[in-house]
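>>> Quick one: sequence and predicted model below, then my questions.
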Amino acid sequence: MAKFTPHTDEQIKEMLEVIGAGSVDELFKDIPEDLKAKEFNLPAGMTENEALKTMKNLAGMNKKYYVSFLGGGFYDHYIPAVVDSVSSKPEFFTAYTPYQPEASQGTLQAIFEYQTMTAKLTGLDVANASLYDGGTALYEAVVMAVRSTRRTKIVVDEGVNPLFRRMLKAHIKNLDIQRVNIKTAGIKPDKEKMLDEIDENTAAVIAANPNFFGHIDDYSGVFEKASEKGAVSILNFYPISLGVLKTPGEMGADIAVGEGQSLGLPLSFGGPYLGIMTASKKYARKLPGRIAGETTDSEGKRAYVLTLQAREQHIKREKATSNICSNQALCALRAAVYMSLLGRQGFRDTAIINMERAGKLREGFKRINGMKVMSGVFFNEFAVEVKGGSKAFVNKMLAKGFVAGMPAGLFYIDKEDVLVVNATEKRTDNEINGFLAAAREVMR
Amino acid sequence: MKNIFEISVKGRKGFDPGEADENILEKIDKSLLRKGELVLPEISEFDAVRHYMRLGRRNFSVDENFYPLGSCTMKYNPRVNETAASISGFASMHPLMSYIDEASVQGALEVIYNLSFLLCEITGMKKITTQPYAGAHGELAGIMLMAAYHRKKGNNKKHIIVPESAHGTNPASAAAAGYDVVSVPVDESGDMDIEAFRAVIGPETAGVMMTVPSTLGVFEKNVSGIAELARENDALMYYDGANLNAIMGRVKPGEIGFDIIHMNLHKTFAAPHGGGGPGSGVVGVSEKLSGFIPVPEVIKTPGGMYGLNFNVKDSIGMLASFFGNFGVLLKAYTYILMLGKEGLVDATEKAVLNANYIMKKLKPYYDLPYDRLCMHECVFSAKKQAAKGVRALDIAKALIERGIHPPTVYFPLVVEEAMMIEPTETESKEEIDIFIEAMEEIARLAENEPERIKNAPAGMPITRPDETKAARELKLTCL
């Protein structure tokens, strides 16, 4: 059995003598007898070797497919080796929250740089130190909007990732917020409807670019009206796409939120991920969660601290802007390393390669019987109508070793035929051709 | 030290993703493309490696420094946990595969199922949800469960009772779910003031949030009575599991009247803190709340297959995109497998032994507001030193100068100049003695040469920063 307590019998005796207790049991005598657990039915411990073997066996029970074209808001991008190397440095991963700035300049500066990169990426002014995931960032943005406008209605485009919308729904259930969902017109946003719904009681309007079906749009007009009516514009973005796409800032969004998994984080069955939140300057003091700021030390040297802590729960308690305490510091670090390593050119090139890969795949789909490539503008994910239903197609493709994409019908009852297919920069010509060949066979 | 944009050189490239054909952008209407140039650093791979190497050296970390940080449980993070979480069969798994093909994710679902089973046994709870991403998120989940329960029963509940000694996240979480917060003081022995509690609990009380042992490091003796009163008012009992590491194998919250518990896997179960996250705040519930847990629930079918159940009748919905911080669950599961029953009991015992040893040794030097046996942490007050002008913050900085991370200071709020010390079980007597000596030396200096402490820390990357300036002249980005 592995054990991480270094005490020898002799030391235990010495320590108990100092304390003035006869036994370790005596230290627990404040626990009333009737509250003590009757039994503790846990298995015996294992050696490190046995434990790791168990974990490897479990991992082995997960089936690996030959190649995957599944995205749905979470993407299989290449992670440069340096990202793992930096995030596995114990100076980062075994550190605590940087509440003591003199002992945490490394983490603080890394977060500060992360904030800069995410703000610049989204074309906005400020960012926080990260939130739990993309969905959390979305609902925290909504709460922020409701608080700052003192209004209660929110207008949500149904092109926003359905998982995030479900999280939003759950989290606002106990708050006085009315949610108006705007159905998509096919796979595109119904911007007219969105415009119609924005009024004097609207706290926020929320859209996603690209949307869940991969379609790219421009929400400038919608956000302009929101601004006129005093509502907050929230855009859910996909980080990699911003290498080339119009930024939330350029569209006039007040707050941008996104799932940061694509920035150097493994898919890891759903987490840990990274909730990115950036905003225009006027919302700086209303952001939830931790924020790193630059200042000077007593000798005038540059120093970083967690700032605006007066908004946070450990100071404000029930009056805090959010109940959130932690951030996803290590994930934010990975994203920062990823962005700085790819850099100005590499990031843009990665985005372009993604578009090219998905474009090639989409062209191929046009030549498959029973497949109708849906119209729209796409980045690295696109929608196809599959005769006979997308779920059935996906199942047949699984048998051939391919994950063919996300059947939209799992989330949208009127879209049983729609399949959302993704290709990142990792997908090779061979993989794409093999996939198309298999698809042709399945649809024959 | 330069920031990453200051080491950037125009035209320098770090990572080459391959050939990119700009012409492809012509297929898209210009109005959909970015106009502003992408502003990211321009550095080489080696520049990046050096930069982050240098940043790392400007951090304290558990691997290098003793961290007696009260409530935060900064224990050693066994390396094999990291290995387990990075196994490709887990790390490369797309979470939506659980929606598309359950058969392909059996190993991952089994981990979630088994871990939940073990955590139920440790806490005496009936069901677990792994969705909450962090302790505060677990608290929010807990309050949402309370709200759903009361809504179903048609109860008209308005407030949640929180003792004054609670973590700030408790009242903030209650408020985030729409409840008012009623605060109850603690008595002179550190327990909840039972008379004050009696005065505020009533039919409008939705729940009571307690930390056991409390943030004062003492075991709440009135817990049965409090739970009894809560039951009479159909108020739910919430157990803040930040201090679960003090009672493993000895007390099960589910057996002593608690309905909801959150656990911090990054504290009790040795997952690393990561410089402030990711953590995991899994939540356990008693029988009467089993029908309210988040969906999807991971279940085992009679045929032995694992699957997702979206049909939880009164579910509060979805709190996370998927199953929470799965990578952190892997680490905690590996840890529990290794320690097993004996190891977890041993961890609790040694944590309590270490804390009591420190308490006894430092008692002659610092004021001890609650002088009784402590559990896994002890709370001192620096008021003797403050009288000489040396505050808890100064003591914290003096410890940093000595290579030791300070205890939690100014918390709990009910203790003036609080210093909350939690050594954890993984520290040896030798390391603890070094800390004790440092604390003794600081106490002596506070008495005789207070100036030497007030300017601490020396020899660190920075001296004390100007926090007021940081908040006033907000600078949140490099550029």
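Received the coordinates, thanks. No experiment lies behind these values; they were computed from the predicted model shown.
>>> Going by C-alpha atoms from here, please, whenever you check contacts or count neighbours.
Fine.
>>> Next, B:H262: phi, psi?
phi -110, psi 150 (degrees, to the nearest 10).
>>> Relative to B:V200, how far out is it?
With distances taken as CA to CA, to the nearest Å, B:H262 is found 25 Å from B:V200.
>>> again with A:T116
47 Å.
>>> Around chain A, pick out the residues from the stretch 151-300 of chain B.
Within reach of chain A by CA under 8 Å from any CA of the partner chain, the stretch 151-300 of chain B has these residues: B:167-178, B:181, B:219, B:221, B:249-252, B:255-256, B:272-279.
>>> Tell me the predicted confidence for B:L265.
In this prediction, B:L265 carries a pLDDT score of 97.
>>> Leaving out chain neighbours, which residue sits closest to it?
B:S280 (5.4 Å; CA to CA, 6 or more residues apart in numbering or on different chains).
>>> show me the contacts for the one you found.
Contact analysis of B:S280 by CA atoms under 8 Å, 6 or more residues apart in numbering or on different chains lists B:130, B:132-135, B:263-266, B:324-325, B:328-329.
>>> one more time with 7 Å, if that's ok
Shown in contact with B:S280 (CA atoms under 7 Å, 6 or more residues apart in numbering or on different chains): B:P132, B:Y133, B:A134, B:G135, B:N264, B:L265, B:H266, B:N325, B:V328.
>>> same question, A:R334
Here A:R334 is in contact with A:V83, A:S87, A:G264, A:L265 (CA under 7 Å, 6+ apart).
>>> List the buried residues of the helix or strand it falls within.
Here A:R334 sits within helix A:329-365, counting by DSSP states H and E. Buried residues in helix A:329-365, counted by 16 or more other CA atoms under 10 Å in any protein chain shown: A:329-359, A:361-362, A:364-365.
>>> what's the pLDDT at the residue nearest to B:L265?
At B:S280, pLDDT is 97.
>>> Then B:A386?
96.
>>> got the contact list for B:Y306?
B:Q106, B:L109, B:E110, B:V298, B:I299, B:K300.
>>> all strands in the stretch 151-300 of chain A, in order from the N-terminus.
A:153-157, A:178-182, A:202-209, A:232-237, A:255-259, A:275-279, A:292-296 (DSSP state E, counting those that start in this stretch).
>>> could you dump those strands to CSV with distance to B:L118, mean pLDDT and mean neighbour count?
Converted to CSV, these look like this (distance: least, CA to CA, whole Å; pLDDT from 0 to 100; neighbours: other CA atoms under 10 Å in any protein chain shown):
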stretch, distance to B:L118, mean pLDDT, mean neighbour count
strand A:153-157, 40, 98, 23
strand A:178-182, 39, 98, 17
strand A:202-209, 40, 98, 28
strand A:232-237, 38, 98, 27
strand A:255-259, 31, 98, 29
strand A:275-279, 30, 98, 30
strand A:292-296, 38, 98, 25
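>>> Which residue ranges make up the domains of chain A?
A:9-59, A:67-78+A:345-443, A:81-339 (automatic domain parsing).
>>> how about the nearest residue to B:R402, chain neighbours excluded?
Nearest to B:R402 is B:A438, by CA to CA, 6+ apart, at 7.4 Å.
>>> what residues does the stretch 301-450 of chain B put near chain A?
B:316-327, B:334, B:337-343, B:347, B:349, B:353, B:356-357, B:360, B:373, B:400, B:425-426, B:428 (CA under 7 Å from any CA of the partner chain).
>>> And the most centrally placed residue in chain A, how far from B:R79?
Residue closest to the mean C-alpha point of chain A, counted by CA atoms, centre = their mean, is A:E259 at 2.7 Å. Distance of A:E259 to B:R79, computed by CA to CA: 28 Å.
>>> mind listing what's buried in the lowest-mean-pLDDT helix or strand in chain A?
When each helix and strand of chain A is scored by mean pLDDT, DSSP states H and E, helix A:313-316 comes last, with a mean of 79. For helix A:313-316, a neighbour-count test (16+ other CA under 10 Å) marks A:Q313, A:H314, A:K316 as buried.
>>> when you check chain B, which of these turn up near it?
A:Q313, A:H314.
>>> Now flag whichever of the buried residues of helix A:313-316 is closest to A:P98.
Nearest to A:P98 among the buried residues of helix A:313-316: A:H314, at 14.2 Å, using CA to CA.
>>> Most neighbours among the contacts of B:Y306, please name it.
B:L109 (26 neighbours; other CA atoms under 10 Å in any protein chain shown).
>>> Return the residues in contact with that residue.
By CA under 7 Å, 6+ apart, the neighbours of B:L109 are B:V298, B:Y306.
>>> one more time with 8 Å
B:V298, B:Y306, B:G307.
>>> got these as JSON lines, with pLDDT and secondary structure columns?
Below are those laid out as JSON lines (pLDDT from 0 to 100; DSSP: H, G, I helix; E, B strand; the rest coil):
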{"residue": "B:V298", "pLDDT": "98", "secondary structure": "strand"}
{"residue": "B:Y306", "pLDDT": "98", "secondary structure": "strand"}
{"residue": "B:G307", "pLDDT": "97", "secondary structure": "strand"}
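>>> what's the spacing between the lowest-mean-pLDDT helix or strand in chain B and its chain's center?
None of the helices or strands of chain B scores lower by mean pLDDT, DSSP H and E than helix B:169-176, at a mean of 89. Helix B:169-176 has its C-alpha centroid displaced from the chain centroid by 15 Å (CA atoms, centre = their mean, to the nearest Å).
>>> Tell me which residues are up against it.
By CA under 8 Å, 6+ apart, helix B:169-176 touches A:313-314, A:317-320, A:322-325, B:136-137, B:139-140, B:143, B:160, B:162, B:180-181, B:209.
>>> quick revisit: please work out which of the domains of chain A is packed deepest.
Neighbour counts (mean count of other CA atoms under 10 Å in any protein chain shown) averaged over each of the domains of chain A peak at domain A:81-339, with a mean of 23.
>>> What's the end-to-end length of it?
13 Å.
>>> what's the answer for stretch B:216-228, then?
23 Å.
>>> Tell me the buried residues in that stretch?
For stretch B:216-228, using 16+ other CA under 10 Å, the buried residues are B:L216, B:G217, B:V218, B:F219, B:E220, B:K221, B:V223, B:S224, B:I226, B:A227, B:E228.
>>> Pick the one among the contacts of B:S280 closest to chain A.
For these, the residue nearest chain A by CA to the nearest CA is B:N325; the value is 4.2 Å.
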